[in-house]
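Asks: Dropping the sequence and predicted coords here.
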Amino acid sequence: MVWFLRSKENIESEKSKEMPDGLWTKCPSCNEIIFKKQLEENFFTCIKCGHHYRIGVKEYIGILLDEGSFVEINSNLTSADPLNFYDSKAYTERIAQAIASTNLNEALVTGMGSIDKIPVGIGFMSFNFIGGSMGSTVGEKFFRLTRLCIEKSLPLIIVCASGGARMQEAALSLMQMAKTSAVLTELAEARLPYISVLTDPTTGGVTASYGMLGDVILAEPGALIGFAGPRVIEQTIKRKLPPNFQRAEFLLEKGFVDSVVPRKDLKKTIATILRWFQN
Ligand SMILES: [Zn+2]
């Protein structure tokens, strides 16, 4: 007997469920009705309460990089299925569906571009691609991007959004934490800066590796950032968690992130930090 049926076949679409089709949208936080165009002009944040909508890779490219500067690398890399994994459906089918619905080949898009005329190596994660999960290909793309930064003496920026490890790749997925952390050590040895930008949500293996390894760690307001979910933690420590637990502001207060930056200020903040490192 089936207890719960999804009303839609695909829940993994690059267009987040927060961004329905149509001219108007209702803010999930304050219920304000907002004209879509206005939302777009306001960096996809609510004009009334400032709620940051989840947005895709294309939107972040437009917001953070100088116009037309982005050149994608390794765009053809996509996940293999080394374990022949099958849960409610075959992993290969899951990958194919994610590719079709997001128009991306992986949960991490990497390339080079410029921010306020400063050349950078940059990666964007897509939560809509199998929950932004980190599999071998995400790890490999991260690795190649970082190596390219070292080769070309560029700073590295990663915009994170992830539900954690790609469970369909089991231990191979977990190994990516070590792989990405190791190559970041090489970047540090080359004395090149790495800035991580944590967006809603950044959890699991990404938090446990490159998410939290930035020389500077920025977060968007209200972003959920954590390792395990609050329910698992409550059950483990048998205590009620404080309000706002695992939100960007809470993590700032506890010293886990360096700054909570509204999306509209993200580009100039990163540019300021990069200039500081250049000096
Ligand atoms: Zn609002």
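Replies: Here it is on my side, so go on. Numbering: from 1, shown residues only.
Asks: Please name the nearest non-neighbouring residue to L274.
Replies: The spatial neighbour of L274 that comes closest, neighbours along the chain excluded (CB to CB, 6 or more residues apart in numbering), is I118 at 4.9 Å. C-beta here means a position set from N, CA and C on the backbone, and glycine is covered the same way.
Asks: Verify the stated contact: the one you found with F277.
Replies: No. Counting by CB atoms under 8 Å, I118 stays clear of F277, with 9.6 Å between them.
Asks: Identify the contacts common to these two.
Replies: Common contact partners of I118 and F277 (CB atoms under 8 Å, 6 or more residues apart in numbering): P155.
Asks: got the end-to-end distance for stretch 159-174?
Replies: End-to-end distance of stretch 159-174 (CA to CA, to the nearest Å): 20 Å.
Asks: I'd like the average pLDDT over it.
Replies: Across stretch 159-174, the average pLDDT comes to 96.
Asks: Buried by neighbour count: which residues of that stretch qualify?
Replies: Using 16 or more other CB atoms under 10 Å as the test for burial, stretch 159-174 gives 159-169, 172-174.
Asks: So which of those residues belong to helices?
Replies: Judged by DSSP state H, the buried residues of stretch 159-174 include L172, S173, L174 as members of helices.
Asks: Just the closest of those residues to the ion, please.
Replies: The ion has its nearest neighbour among those in S173, at 35.5 Å by CB to the ion.
Asks: Tell me who's in contact with the closest one.
Replies: Contacts for S173 (CB under 8 Å, 6+ apart) come out as S133, M134, G135, S136, A165, R166, M167, G205.
Asks: what do you get for M177?
Replies: By CB under 8 Å, 6+ apart, the contact set of M177 is M134, G205, A208, S209.
Asks: which one of those residues sits closest to K254?
Replies: Distances from K254 to the contacts of M177, taken as CB to CB, are shortest for A208 (16.4 Å).
Asks: and that closest one, what does it touch?
Replies: M177, F227.
Asks: can you check T146 too?
Replies: By CB under 8 Å, 6+ apart, T146 lies in contact with G121, L156, T180, V183, L184, E186, L187.
Asks: coming back round to it: turn the ones in helices among the buried residues of stretch 159-174 into TSV, including distance to D87.
Replies: Shown next, in TSV, are these (distance: CB to CB, whole Å):
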residue	distance to D87
L172	16
S173	14
L174	17
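Asks: The buried residues of stretch 159-174 in strands, which ones?
Replies: With strands taken from DSSP state E, the overlap with these comprises V159, C160, A161, S162.
Asks: Spit out the contact partners of the third one.
Replies: Going back to what we said before, that points to A161. R54, M125, S126, F127, G132, T199, D200, P201, T202.
Asks: got a pLDDT number for R231?
Replies: Listed pLDDT for R231 reads 86.
Asks: Likewise for P243?
Replies: pLDDT, P243: 84.
Asks: roughly how far apart are it and F250?
Replies: 9 Å (CB to CB, to the nearest Å).
Asks: And these two? Which one has more around it.
Replies: Counted by other CB atoms under 10 Å, P243 and F250 do not tie: F250 has more neighbours, with 18 against 7.
Asks: how close does that one get to the ion?
Replies: Using CB to the ion, to the nearest Å, F250 is found at 20 Å from the ion.
Asks: quick one on the thing from earlier: pipe the contacts of S173 into a markdown table and attach distance to L104 per row.
Replies: Output for these, formatted as a markdown table (distance: CB to CB, whole Å):
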| residue | distance to L104 |
| --- | --- |
| S133 | 13 |
| M134 | 15 |
| G135 | 13 |
| S136 | 16 |
| A165 | 19 |
| R166 | 15 |
| M167 | 20 |
| G205 | 19 |
